[in-house]
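J.: What follows is a predicted structure for the sequence shown.
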Amino acid sequence: MTEFIPPGTRYHALPSPFAFKRGGELRDAHVAYETWGTLAADAGNAVLIVTGLSPDAHAAANADNPAAGWWEAMVGPGKPIDTDRWFVICVNSLGSCKGSTGPASIDPATGELYGLRFPELSIEDGARAAVEVVRALGVTELACVIGNSMGGMTALALLMLYPGIARSHINISGSAQALPFSIAIRSLQREAIRLDPQWNGGRYTDQAYPESGMRMARKLGVITYRSALEWDGRFGRVRLDSDQADDDPFGLEFQVESYLEGHARRFVRFFDPNCYLYLSRSMDWFDLAEYADGDVMAGLARIQVGKALAIGANTDILFPVQQQQQIADGLRAGGADAQFIGLDSPQGHDAFLVDVARFGPAVGGFLSSL
């Protein structure tokens, strides 16, 4: 399979070997990242962004790549994450297919793709890889670590593993542990991929690719990324025009079905199936309770950070807003000046990507107070 790497991506070589939490190691591995702004002489203005499952390191346009990034409205001069003030680093997750070493990368020991020979990936492995990038850039203490969705988990793991590495934290639609509903949805997504005959035990090719499985996995994901309120407002029960509907008696009939199909088809060839499996499962395994005798609140209270903000959308069903409330409460119990904001956005889990009118002021206001 081809990796999907945006132009202008930079790379940091990880220590070799790079050991994984659950066993196994990588040799000659690397992590992709991009930066914006200027690092202060004392390196005290660095902000790290760790991402959700599918984004690359290109959060916003920069000199190396002027194309709009996945968080373009949030990152840049005068924007909520203001690059006139902050030196912003965005790291592509270890295990991804967007530049960092993952199952779609070549194993230098064999000259073949890792595939399912890639070590079992945890959120903590991604956190450790991100810290390697931060340190290589000359930053010993971050002004803030920002994580959204899966990145919210990665940020908490980073803060747990490296006490004092950040003065503040913004957790956006993240969680301290995977809940049963989220695990169930991701399990179905992985099953859809693995049951596609073209997956072939992870040994697919560009010519024999598990497209149906990836389509179904993506559709399931998109359904949970948005809310019933938004689906109703955008599509209602509107049917397709006769020339748009499928001839299949059980084919596409409603506009919402067509939207999901189009969204899925745009995604399937731009994300590697095995990478999807590994990153998805890493979220299911994550649980800060592991660090505190089974008590997630005690795990959060062990994190050392001065100031924190946990934000979520009240319509989020994948990472429900109660999980962001829990993060704020747990960090506060550990001594942090922690605030929780639940936003009345109709867009569900994906709100942080599209509802900048609500999320932007919350993020910008917090950073301006530092």
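T.: Great, that's in hand.
J.: How are the helices of the stretch 51-200 of the chain distributed by residue range?
T.: Using DSSP state H, counting those that start in this stretch, the helices of the stretch 51-200 of the chain run over residues 123-136, 150-161, 180-194.
J.: Show me which of the ones you listed has the highest average neighbour count.
T.: helix 150-161 (a mean of 27; mean count of other CB atoms under 10 Å). Placement of C-beta: from N, CA and C, glycine included.
J.: and that helix, average pLDDT?
T.: For helix 150-161, mean pLDDT rounds to 98.
J.: That one versus helix 123-136: what angle between them?
T.: 70 degrees (axes from the mean of the first three to the mean of the last three CA atoms, to 10 degrees).
J.: Check the offset of helix 150-161 from the chain's centre.
T.: 11 Å (CA atoms, centre = their mean, to the nearest Å).
J.: Packing partners of that helix?
T.: strand 46-50, helix 123-136, strand 144-148, strand 168-172, helix 273-285 (3 or more CB pairs under 8 Å, 6 or more residues apart in numbering; DSSP states H and E).
J.: circling back to that earlier point, need the helices of the stretch 51-200 of the chain in JSON lines (columns: distance to Y204).
T.: JSON lines is the format used below for the helices of the stretch 51-200 of the chain (distance: least, CB to CB, whole Å):
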{"stretch": "helix 123-136", "distance to Y204": "24"}
{"stretch": "helix 150-161", "distance to Y204": "24"}
{"stretch": "helix 180-194", "distance to Y204": "10"}
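J.: Low-confidence stretches in the protein?
T.: 1-3, 243-246 (pLDDT under 70).
J.: how near is the residue of it most remote from its centre to P249?
T.: Farthest-out residue of the chain from its mean C-alpha position, per CA atoms, centre = their mean: S242, at 38.5 Å. As judged by CB to CB, to the nearest Å, S242 and P249 stand 14 Å apart.
J.: Which strand residues bridge A32?
T.: With DSSP bridges applied, A32 shows beta-bridge pairing to Y11.
J.: wait, it sits on Y11?
T.: Yes - using CB atoms under 8 Å, A32 is in contact with Y11, at 5.8 Å.
J.: re the thing from before, for E191, find the nearest of the helices and strands packed on helix 150-161.
T.: Among the helices and strands packed on helix 150-161, helix 273-285 comes nearest to E191, with 10.1 Å by CB to CB.
J.: Just the angle for the closest one relative to helix 123-136, thanks.
T.: 100 degrees.
J.: just the CA coordinates of helix 273-285, formatted as PDB?
T.: Written as PDB, here are the backbone C-alpha positions of helix 273-285 (Å, rounded to 0.1, in the frame of the first residue of the first chain):
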ATOM      1  CA  PRO A 273      -6.700  -0.500   6.600                       C
ATOM      2  CA  ASN A 274      -4.100  -2.100   8.900                       C
ATOM      3  CA  CYS A 275      -3.200   1.300  10.300                       C
ATOM      4  CA  TYR A 276      -6.800   1.900  11.000                       C
ATOM      5  CA  LEU A 277      -7.000  -1.400  12.800                       C
ATOM      6  CA  TYR A 278      -4.000  -0.700  15.000                       C
ATOM      7  CA  LEU A 279      -4.900   2.900  15.900                       C
ATOM      8  CA  SER A 280      -8.500   1.900  16.600                       C
ATOM      9  CA  ARG A 281      -7.500  -0.800  19.000                       C
ATOM     10  CA  SER A 282      -5.000   1.400  20.800                       C
ATOM     11  CA  MET A 283      -7.900   3.600  21.800                       C
ATOM     12  CA  ASP A 284      -9.800   0.600  23.200                       C
ATOM     13  CA  TRP A 285      -6.900  -0.400  25.400                       C
END
